[in-house]
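In: fold the following and give me the result.
(one chain, ligands or ions: 2)
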Amino acid sequence: MIKSNMLDGKVVIVTGASSGIGRAIAIRAAEHGAKAVIVSDVVETPREGGEPTASEIRKLGAQSVFVKADVSRKADNDELVATAEQFGGVDVMFANAGITLKTDGPEVPEEDYRRLMSVNLDGPLFGAQAAARQMKALGKQGSIVLMASMGGISGAGITVAYSTSKGGVVVMAKSLADALGPAGIRVNAVAPGTIDTELLRTSPGIAQASEGFRQRTPLLRLGKPSEVGDAVAFLGSDLSSYVSGTALLVDGGLLSVI
Ligand SMILES: NC(=O)C1=CN([C@@H]2O[C@H](COP(=O)(O)OP(=O)(O)OC[C@H]3O[C@@H](n4cnc5c(N)ncnc54)[C@H](OP(=O)(O)O)[C@@H]3O)[C@@H](O)[C@H]2O)C=CC1
Ligand SMILES: C[C@H](O)[C@@H]1OC(=O)[C@H](O)[C@@H]1O
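Out: Ligands and ions are numbered 1, 2, ... in the order given. Below is the predicted model:
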């Protein structure tokens, strides 16, 4: 079902898009009129079951292909963005992929910490770099949206490594907005609160804390992946043409009250 024409004619790339929020961002992009959505992930099979994301998108009438890419590898991001050339080049890059750690906290082990940083912090940088290079080469005044988290703004003792990575993403968006603005390229972060996905349900500490977060959320409920998808569709669209360098909270009001 088409929801709007916010992304009409746009070529969109989404990382971590086989499952969870990334899957919702990709499907919502098609529902908001995207011409093509490139679905990227380390595996194509959706965790929550159902058809692969690209297949669901093609049913909506948009073009879509799956590209296997591990965002922690710069070369994978470069190859992923190169895929967009067949559709005319990337207009909107959603660097969504991210992980949590079962070992997170003040004593997070070095190896786990470095693995998380390679996905959550290196990944968005490599994706943004590749997308910006192509946008500049094609003269596209595109939009890049980096996945942060409310934890990257408030901090959280249960997620020392995770929140640190997401705080880095928030400042990365501000810095890239400054660097890429003269080329007409906008860069923003999105900072979801507690969104009902496999990651929230299975990350120790976070899962236990989520009910407490929910009770303190003004809207008294967890967010839906599709609600993040709609919010970032706005950041990807021309409706946000003067929005850059910000971190858009999608948290039901939670961070405003804790
Ligand atoms: N859920 C929440 O409450 C919130 C989530 N976020 C952020 O939103 C993003 C998506 O989270 P969510 O949908 O909940 O998480 P999920 O774990 O449900 O989905 C993440 C997706 O990214 C994929 N992925 C993992 N590692 C890589 C990698 N190295 N390269 C490419 N893809 C990878 C996963 O694949 P696989 O399944 O194989 O691991 C999965 O398909 C993350 O960045 C997360 O930090 C931010 C705030 C709130
Ligand atoms: C504590 C975190 O911020 C919380 O856990 C997650 O997975 C989400 O990022 C929430 O924001």
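In: C-alpha from now on. contacts and neighbour counts both.
Out: Fine.
In: got a list of what Arg73 touches?
Out: Gly123, Phe126 (CA atoms under 8 Å, 6 or more residues apart in numbering).
In: contacts only, for the one residue in the chain that gets nearest to ligand 2.
Out: In the chain, the residue that lies nearest ligand 2 is Gly151 (3.2 Å; CA to the nearest ligand atom). By CA under 8 Å, 6+ apart, the contact list for Gly151 reads Thr159, Tyr162, Ser163, Lys166, Gly167, Ala191, Gly193.
In: get me the contact residues on this protein for ligand 1.
Out: Those residues of the chain that sit near ligand 1, judged by CA under 6 Å from any ligand atom, are 15-22, 41-43, 69-72, 96-99, 119, 147-149, 191-200.
In: out of the residues you listed, which sit inside helices?
Out: Gly20, Ile21, Gly22, Glu198, Leu199, Leu200 (DSSP state H).
In: surely Pro109 meets Thr103?
Out: Yes: with contact taken as CA atoms under 8 Å, Pro109 and Thr103 are classed as touching, separated by 7.1 Å.
In: more crowded one of those two?
Out: The neighbour comparison of Pro109 against Thr103 (other CA atoms under 10 Å) goes to Thr103, with 18 against 13.
In: helices of the chain, residue ranges please.
Out: 20-31, 53-59, 74-82, 110-117, 123-138, 151-154, 160-180, 198-202, 206-216, 225-236, 254-257.
In: out of those, which is the most enclosed?
Out: Sort those by mean neighbour count, taking mean count of other CA atoms under 10 Å, and helix 20-31 sits at the top with a mean of 28.
In: so is the helix or strand of the chain with the lowest mean pLDDT next to ligand 2?
Out: When the helices and strands of the chain are scored by mean pLDDT, DSSP states H and E, helix 198-202 comes last with a mean of 91. Yes: using CA under 6 Å from any ligand atom, helix 198-202 reaches ligand 2 at Leu200.
In: now that helix - C-alpha only, CSV.
Out: Taking C-alpha atoms only, helix 198-202 is exported to CSV below (Å, rounded to 0.1, in the frame of the first residue of the first chain):
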residue,chain,number,x,y,z
GLU,A,198,14.7,-9.1,18.0
LEU,A,199,17.6,-7.0,19.1
LEU,A,200,15.6,-5.3,21.9
ARG,A,201,14.1,-8.6,23.0
THR,A,202,17.3,-10.7,23.0
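In: give me the contacts around that helix.
Out: Gly20, Arg47, Ile99, Thr100, Thr194, Ile206, Ala207, Ser210.
In: now that helix, how far from the centre of its chain.
Out: 16 Å (CA atoms, centre = their mean, to the nearest Å).
In: what of stretch 220-235?
Out: Worked out by CA atoms, centre = their mean, stretch 220-235 lies 11 Å from the chain centre.
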